[in-house]
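[1] no sequence on this one, just coordinates:
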DNA sequence: AAAAATACGGAACAATCGTTCCCGAATTAA
DNA sequence: TTAATTCGGGAACGATTGTTCCGTATTTTT
C-alpha cells in the first residue's frame, strides 16, 4: 500500500561508500550526500537513519566486500604465494590508476575516526583481526605446501604482511604514483616468503 | 611602543601541534584552539593568520622536529642497524604508552588532507622524500660498515623500512596495544637488515 | 604626561553544519 | 474510488563553523 522507492538501496550504498571513501566522514556534508546519492534529504534520513549510521553501514559494506575478495583469492588458489603476489600487485595497480587516490577506506577511517568513535574502532579492530586470521590460515597452508618459507612462523609473517599492506595504502592515499617505490617495497617484503 | 604578548609563540605552536595531531584538521574547531591554546580569538588570528595557516605551521614544525631527531640518531650512531632498532622500538613504545593514540601527525594529515589540499600534499611528499634520503644514506653507511646486509640494495631497503614505519603508525592510531603484534612486524622487518 | 601601537576579550558575522518537518505526489490495498 | 501509506522536494530548524571587528587595557616611545 505504499509508493515504490525511486532509488536502488544497494546502488545508493555503493555510492555512499565511494563518497565517504573519497572525502572521509568529516569531509562529507549532508549536502554532498544528497547531491551525489541522488535522493532527497528526507528519503536519505528515512532510509538510512543519520549520517553516522550511513557511514557505518557503508564502511561495513566495504569491509565485507574486501574481505570476501581476499578470502576467495587465497582459498581458491593452488599456490598461496602466487595469490599473495596477486593481491599486492592489484593494490599497487589500484594505487597507480586511482585518479582520485582514495587509498583504503578502512585505513582512512581508522586514522580519521577510530580514536574518537568506539563503533568505528571496533570495526577497524575486528577487520585487522579477521585479516590477520585470513592471512595466517593462508600462510600456514602455503608453508605446509612448501610454497612459503618456514623461516618465520606463520603468525609473524601474517602480521608483517598486513602491516606492509597498510603502509602501501597510506602511500596511495598520499598520491604516490612512482611505481618503483611500490615495487621496491614488494620486492623486499616477498623475500620473507 | 607596543604592548607585549602574554603568550609564548613557540609554546602555543607546540600546543597547536598536539591538538591537530590528536583531533586532525576537520576535527579541530576554532573554539577548540582558543580553549586549548590559551589565547583569544583575535590574538590567534592576528598572530597565525587563519586555521589553515596555523595547521600548516604546526605540521611543518612537527616534521622538522621529527626529522631532526631521526637524522641525529642515524648520523651520530656508530652502529646504524642499532640506531634503526632504536628508532622503531621508540615508535612502538610511544604507540603502547600513548594514552590518546595520536599515531603520526604526518601520516594522519596525509590520509585526511593530502588529496584535498595541494600544500599539504607537497609537505607530505617532501617528507617522504626526505625520510627516504635519510634512510638511504644511513643504510648505505651501514652496508659499507658491514652492519647491514647487502642482499637488498640500499634504496629498496630504505623504502621498505619507511613503509613499515607508516604501517606501524597506522596501527598505533587505530589503538593497537598488543606489543606482540608490533614485535612480530619488527622481527620480520629486521631480518632483511 | 601624552601619544602611538599592539594585545586582549568578547560580541557579532555570514555561512554551513546535521537534522526535522511539512506537503503534495505517487502508489497500492481495500 | 477511496483510504492508507510512503515517496521526494524543499523550506526551515537550531547549533556550530571559521572569521572579523570593536572597545578597552596595557605597554613603549617621544
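    Alright, I've got the coordinates. As the structure is a computational prediction, the values presented were derived from the model and not from experiment.
[2] and chain A, which of its residues are near DNA strand C?
    Within reach of DNA strand C by CB under 7 Å from any atom of the strand, chain A has these residues: A:1-4, A:28-31, A:41-42, A:45, A:50-52. Any C-beta I mention is one placed from the backbone N, CA and C, and that applies to glycine too.
[3] for those residues, which one is nearest residue B:165?
    The nearest member of the residues of chain A next to DNA strand C to residue B:165, counting by CB to CB, is residue A:28 at 29.3 Å.
[4] what helix or strand does the closest one sit in?
    Using DSSP states H and E, residue A:28 sits in no helix or strand.
[5] Sketch out the low-pLDDT regions of chain A for me.
    Applying pLDDT under 70 to chain A flags the ranges A:1-2.
[6] 90 instead?
    By pLDDT under 90, the low-scoring segments of chain A are A:1-9, A:38-40, A:98-101.
[7] quick one: the helices in it?
    A:9-23, A:30-37, A:41-48, A:51-76, A:80-97, A:105-113, A:118-144, A:154-173, A:179-191 (DSSP state H).
[8] Same list (the ones you listed) but as TSV, adding mean neighbour count and distance to residue B:170.
    Listed next are these as TSV, based on neighbours: other CB atoms under 10 Å in any protein chain shown; distance: least, CB to CB, whole Å:
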stretch	mean neighbour count	distance to residue B:170
helix A:9-23	18	16
helix A:30-37	15	26
helix A:41-48	15	28
helix A:51-76	16	16
helix A:80-97	17	15
helix A:105-113	25	6
helix A:118-144	18	10
helix A:154-173	24	5
helix A:179-191	18	15
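[9] Let me have those in TSV, extended by distance to chain B.
    TSV is the format used below for those (distance: least, CB to the nearest CB, whole Å):
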stretch	distance to chain B
helix A:9-23	8
helix A:30-37	13
helix A:41-48	21
helix A:51-76	13
helix A:80-97	12
helix A:105-113	4
helix A:118-144	5
helix A:154-173	4
helix A:179-191	4
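[10] got those helices as TSV, with distance to residue B:65 columns?
    Shown next, in TSV, are the helices of chain A (distance: least, CB to CB, whole Å):
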stretch	distance to residue B:65
helix A:9-23	30
helix A:30-37	36
helix A:41-48	43
helix A:51-76	34
helix A:80-97	29
helix A:105-113	20
helix A:118-144	28
helix A:154-173	21
helix A:179-191	25
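[11] can you tell which of those helices is closest to residue B:135?
    Nearest to residue B:135, of all the helices of chain A, is helix A:179-191, at 11.8 Å by CB to CB.
[12] That closest one vs helix B:179-191, what angle?
    Per axes from the mean of the first three to the mean of the last three CA atoms, to 10 degrees, the angle that helix A:179-191 makes with helix B:179-191 is 100 degrees.
[13] Identify all contacting residues around helix A:179-191.
    Identification of contacts with helix A:179-191 by CB atoms under 8 Å, 6 or more residues apart in numbering or on different chains yields A:84-85, A:88-89, A:92, A:95-96, A:160-161, A:164, A:167-168, A:171, A:176, B:151-152, B:155-157, B:159-160, B:163, B:192.
[14] again, only using 7 Å
    A:85, A:88, A:92, A:95-96, A:164, A:168, A:171, B:152, B:155-157, B:159-160, B:163, B:192 (CB atoms under 7 Å, 6 or more residues apart in numbering or on different chains).
[15] between those, which is nearest residue A:11?
    Nearest to residue A:11 among the contacts of helix A:179-191, counting by CB to CB, is residue A:95 at 25.7 Å.
[16] quick revisit: of all the contacts of helix A:179-191, which two lie farthest apart?
    Pairwise over the contacts of helix A:179-191, using CB to CB, the maximum falls at A:96 and B:192, 24.2 Å.
[17] List the contacts of the closest residue in space to residue A:137 that isn't next to it in sequence.
    Using CB to CB, 6 or more residues apart in numbering or on different chains and skipping the chain neighbours, the partner closest in space to residue A:137 is residue A:74 (7.6 Å). Each residue near residue A:74 by CB under 7 Å, 6+ apart is listed here: A:80, A:83, A:134, A:138.
[18] from the residues you listed, which is closest to DNA strand D?
    Using CB to the nearest atom of the strand, the shortest approach to DNA strand D within the contacts of residue A:74 belongs to residue A:134, at 36.8 Å.
[19] Just to check, the closest one is in contact with residue A:70?
    Yes: here residue A:134 reaches residue A:70: they are 6.2 Å apart, a contact under CB atoms under 7 Å.
[20] follow-up on the earlier one: the residue nearest to residue A:137 and residue A:65, how far apart?
    Taking CB to CB, to the nearest Å as the measure, residue A:74 falls 15 Å from residue A:65.
[21] Repeat that for residue A:90.
    Going from residue A:90 to residue A:65 by CB to CB gives 14 Å.
[22] same question, residue A:43
    Plainly put, residue A:43 is 24 Å away from residue A:65 if you go by CB to CB.
[23] Please apply the same query to residue A:138.
    In terms of CB to CB, residue A:138 sits 19 Å off from residue A:65.
[24] ok, now residue A:146?
    32 Å.
[25] and the residue nearest to residue A:7 when sequence neighbours are not counted, how many neighbours?
    Counting by CB to CB, 6+ apart, residue A:39 is the residue found nearest to residue A:7 once chain neighbours are left out, at 4.9 Å. For residue A:39, the count of nearby residues is 19 (other CB atoms under 10 Å in any protein chain shown).
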